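*Asks:* Following is a predicted model, sequence given first.
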Amino acid sequence: MHESLKTKTAKGLLWGGMSNALFQVLSALFGIILLRLLSPADYGKIAVLLVFSGIASSLQESGFIAALCNKKNPTDEEYNAVFWFNIIVSSSVYVLLFFLSPLIADFYHDETLTWLARYLFLTFLISSFGTVQRAYLFGHLMVKQNSLIGIVSLVVSNVVGVIMALCGYAYWGLATQSIVYVAMIMLLCWYFSPWRPSLNVNLRPAWEMFGFSSKLLVANLFSWLNNHVFAVILGRYCTADVVGYYSNARKWNDMACGTINGMVNGVAQPVLSQVREDDVRYRVVFRKMLRFTCFVSFPCMFGLGLIAPEFIDILAGEKWADSAPMLSLLSIHGAFMPVSSLYSNMAVSRGRSDINLLSTISVCVLVWVGLIATHGYGLYTMITLFVAINIMWLFVWQYFAWRMVRLGLFDVLKDILPFLLLSGLAMSAAWYAAGFVENVYLSVALKICVAVIVYCGLVYVSGAKIMRECIEYMRGRGGDL
């Protein structure tokens, strides 16, 4: 890579990693407070509605952030067209969902969801006013500014949520927290982005990009449905408590893998787009990102699964104990999710949003059919099937990678398997070391210490370059990331 691109990538990964880690730590701290103040049923009510708000958010954004980023020099007219398009679409969708809210409440057999849904759905309407500003920050690799936006918005919104929970507003506090969060992001994006809309509304540039972005829109819709299929099925067939237990496990899993995913996604598409004209160079860049992703994701996520029982007990309390085994299973999926996202970024950066669309729809349909067919066999069977399907689908993504840039399976396995094996050995050693410890605090501390020491030691002894390059960059020597 050119020095400027190399530096931008390294700084983006560093800032993305630090900010995402801080973001998740703050989320965890506030989350612990809210878990002790609220009930599983409170979280269950919000979880079943997030499916609909997520679909609406995808419709509102319509894939234009990636579409604008994929253009080397987006024009002011293109930015302006996307801005007004997003507002028109989000307003229309909100009106539609406002009148459909009673039907949503009937589907879940809970009348309280009608006005809660109408209130929570304001999130995607507010978010539409900042989509183009977010696209500008993303496309210009302004990771530092994005990091600050996320952290400030998180703190402000969670303070509001905690205050409302203390005042007895229960799930209304969670809904308000979501609204304040997106509102703060929108306002701060306007502050940091120099672009401003004009009243000259011409949607033609947006329609010209829609051929590309529409495929991303549909892919995002199916990806959201894939990730939130349990909320729909459990909300229909189980109690709000069960949905709450699962949503809690899913929340901790998403927070952990979101740290890694956000760090990689913050730079993957912009960087890969800049080297897409040279396939050889592209493969080199992609494989370095893949090795870094596996180097971080596997030990972190497998470690979370290892300490899940102690983690839930210490942070959330005994009333959330049923979430622990769910978290252990989901963390396996979380370990591979950043790898899947990297492949998705490859397709988008190569201008092949059709491949991203086909892959996302296929795995989503497979998951939904499988889970509906097995819902009678119990929750853990469903989660195991969900994890297995998403991991095995990486081989399909690899087939597309070969078609796009001639990236071979053997090369990818050389990048993935060493970190998978070393992570497994480290977790096994940690599990064995803490096997006879009964104190929950001592057990989790011992597991973490042993896992970190064994993993770092094995990586160092194996001579993996990625660890040395990360250390060199942190020391200011500009490792070739």
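*Replies:* Right, received. Where do you want to start? Residues are numbered from 1 along each chain as shown.

*Asks:* give me the number of residues near Leu49?
*Replies:* Around Leu49 there are 26 other residues, counting by other CB atoms under 10 Å. Placement of C-beta: from N, CA and C, glycine included.

*Asks:* got a pLDDT number for it?
*Replies:* With respect to pLDDT, Leu49 has a value of 85.

*Asks:* Likewise for the one 3 residues further on?
*Replies:* On pLDDT, Phe52 comes in at 80.

*Asks:* and it, what helix or strand is that in?
*Replies:* Element membership for Phe52, per DSSP states H and E: helix 40-61.

*Asks:* then that helix to CSV, C-alphas only?
*Replies:* In CSV, the C-alpha atoms belonging to helix 40-61 read as follows (Å, rounded to 0.1, in the frame of the first residue of the first chain):
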residue,chain,number,x,y,z
PRO,A,40,-36.4,-9.5,31.5
ALA,A,41,-39.9,-8.7,30.3
ASP,A,42,-39.0,-5.0,29.9
TYR,A,43,-36.2,-5.9,27.6
GLY,A,44,-38.4,-8.4,25.8
LYS,A,45,-40.9,-5.7,24.8
ILE,A,46,-38.2,-3.6,23.2
ALA,A,47,-36.5,-6.6,21.6
VAL,A,48,-39.6,-7.6,19.6
LEU,A,49,-40.0,-4.1,18.3
LEU,A,50,-36.4,-3.7,17.3
VAL,A,51,-37.0,-6.0,14.4
PHE,A,52,-39.4,-3.5,12.8
SER,A,53,-37.4,-0.4,13.6
GLY,A,54,-34.3,-2.1,12.1
ILE,A,55,-36.2,-2.9,8.9
ALA,A,56,-37.4,0.7,8.8
SER,A,57,-33.8,2.0,9.4
SER,A,58,-32.5,-0.1,6.5
LEU,A,59,-35.3,1.3,4.2
GLN,A,60,-34.4,4.8,5.4
GLU,A,61,-30.7,4.5,4.7
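
*Asks:* Which neighbouring elements make contact with it?
*Replies:* helix 76-107, helix 113-120, helix 122-127, helix 171-192, helix 204-227, helix 229-237, helix 240-274 (3 or more CB pairs under 8 Å, 6 or more residues apart in numbering; DSSP states H and E).

*Asks:* Nearest to Ser57 among the ones you listed would be which one?
*Replies:* Closest approach to Ser57 among these (CB to CB): helix 122-127, 4.3 Å.

*Asks:* what about the closest one, average pLDDT?
*Replies:* 88.

*Asks:* need the next SSE after that helix, C-terminal direction.
*Replies:* helix 131-139.

*Asks:* That following helix relative to helix 40-61, how many degrees between them?
*Replies:* Computed with axes from the mean of the first three to the mean of the last three CA atoms, to 10 degrees, the direction of helix 131-139 lies at 90 degrees from that of helix 40-61.

*Asks:* Send over helix 131-139 as CSV, restricted to the C-alpha atoms.
*Replies:* Only the C-alpha atoms of helix 131-139 are listed here, as CSV (Å, rounded to 0.1, in the frame of the first residue of the first chain):
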residue,chain,number,x,y,z
THR,A,131,-27.5,9.8,7.1
VAL,A,132,-25.5,11.9,4.5
GLN,A,133,-23.4,13.5,7.2
ARG,A,134,-22.5,10.0,8.5
ALA,A,135,-21.7,9.0,4.9
TYR,A,136,-19.3,11.9,4.6
LEU,A,137,-17.5,11.1,7.8
PHE,A,138,-17.3,7.4,6.8
GLY,A,139,-16.1,8.0,3.3
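
*Asks:* quick one on the thing from earlier: so which of the helices and strands packed on helix 40-61 is the most surrounded?
*Replies:* When you average the neighbours per residue for each of the helices and strands packed on helix 40-61 (mean count of other CB atoms under 10 Å), helix 240-274 leads with a mean of 23.

*Asks:* Could you list which residues are in contact with the nearest residue to Phe121 once chain neighbours are set aside?
*Replies:* Closest residue to Phe121 apart from its sequence neighbours, by CB to CB, 6 or more residues apart in numbering: Leu97 at 5.2 Å. Residues near Leu97 by CB atoms under 8 Å, 6 or more residues apart in numbering: Phe52, Ala56, Ala117, Arg118, Phe121.

*Asks:* Can you give me the distance of the fourth one to Ser349?
*Replies:* Looking back up the chat, that one is Arg118. Distance from Arg118 to Ser349, counting by CB to CB, to the nearest Å: 38 Å.

*Asks:* same question, the first one
*Replies:* Phe52 sits at a distance of 30 Å from Ser349 (criterion: CB to CB).

*Asks:* does Val437 really touch Ala445, like I thought?
*Replies:* No - the pair Val437 / Ala445 is not scored as a contact, 9.2 Å apart, by CB atoms under 8 Å.

*Asks:* Quickly list what's touching both of those two.
*Replies:* By CB under 8 Å, 6+ apart, no residue touches both Val437 and Ala445.

*Asks:* just the angle between the helix holding Phe52 and helix 240-274, please?
*Replies:* Going by the same axes, to 10 degrees, helix 40-61 makes 30 degrees with helix 240-274.

*Asks:* got the angle between helix 40-61 and helix 113-120?
*Replies:* 50 degrees.

*Asks:* between helix 40-61 and helix 204-227, how big is the angle?
*Replies:* 150 degrees.

*Asks:* what comes up buried for helix 40-61?
*Replies:* Under the neighbour-count criterion of 16 or more other CB atoms under 10 Å, helix 40-61 has 40-61 buried.

*Asks:* how much space is there between the residue nearest to Phe121 and Ser39?
*Replies:* Computed as CB to CB, the Leu97 to Ser39 distance reads 26 Å.

*Asks:* same deal with Ser153?
*Replies:* From Ser153 over to Ser39 (counting by CB to CB), the distance is 26 Å.

*Asks:* who's more crowded, the two?
*Replies:* More crowded of Ser153 and Ser39, by other CB under 10 Å: Ser153, with 21 against 15.

*Asks:* got the contact list for the more buried one?
*Replies:* Val180, Tyr181, Val182, Met184, Ile185, Leu188.

*Asks:* Could you measure from it over to Tyr237?
*Replies:* With distances taken as CB to CB, Ser153 is found 35 Å from Tyr237.

*Asks:* Including distance to Ser340, could the contacts of Leu97 go into a markdown table?
*Replies:* As requested, the contacts of Leu97 are arranged in a markdown table below (distance: CB to CB, whole Å):
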| residue | distance to Ser340 |
| --- | --- |
| Phe52 | 24 |
| Ala56 | 24 |
| Ala117 | 30 |
| Arg118 | 34 |
| Phe121 | 28 |
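
*Asks:* just those now: which is nearest Asn202?
*Replies:* Taking CB to CB as the measure, Asn202 lies nearest Ala56 of these, at 25.0 Å.

*Asks:* what's the closest non-adjacent residue to that closest one?
*Replies:* Phe124 (4.5 Å).

*Asks:* how close does that neighbour get to Phe222?
*Replies:* 18 Å.

*Asks:* same deal with Ser39?
*Replies:* Distance, Ser39 to Phe222, by CB to CB: 32 Å.

*Asks:* same question, Ser214
*Replies:* Applying CB to CB, the value for Ser214 to Phe222 is 13 Å.

*Asks:* And for Pro74?
*Replies:* Pro74 sits 26 Å away from Phe222, going by CB to CB.

*Asks:* surely Asn345 meets Arg276?
*Replies:* No - under the criterion of CB under 8 Å, Asn345 makes no contact with Arg276, lying 11.3 Å away.
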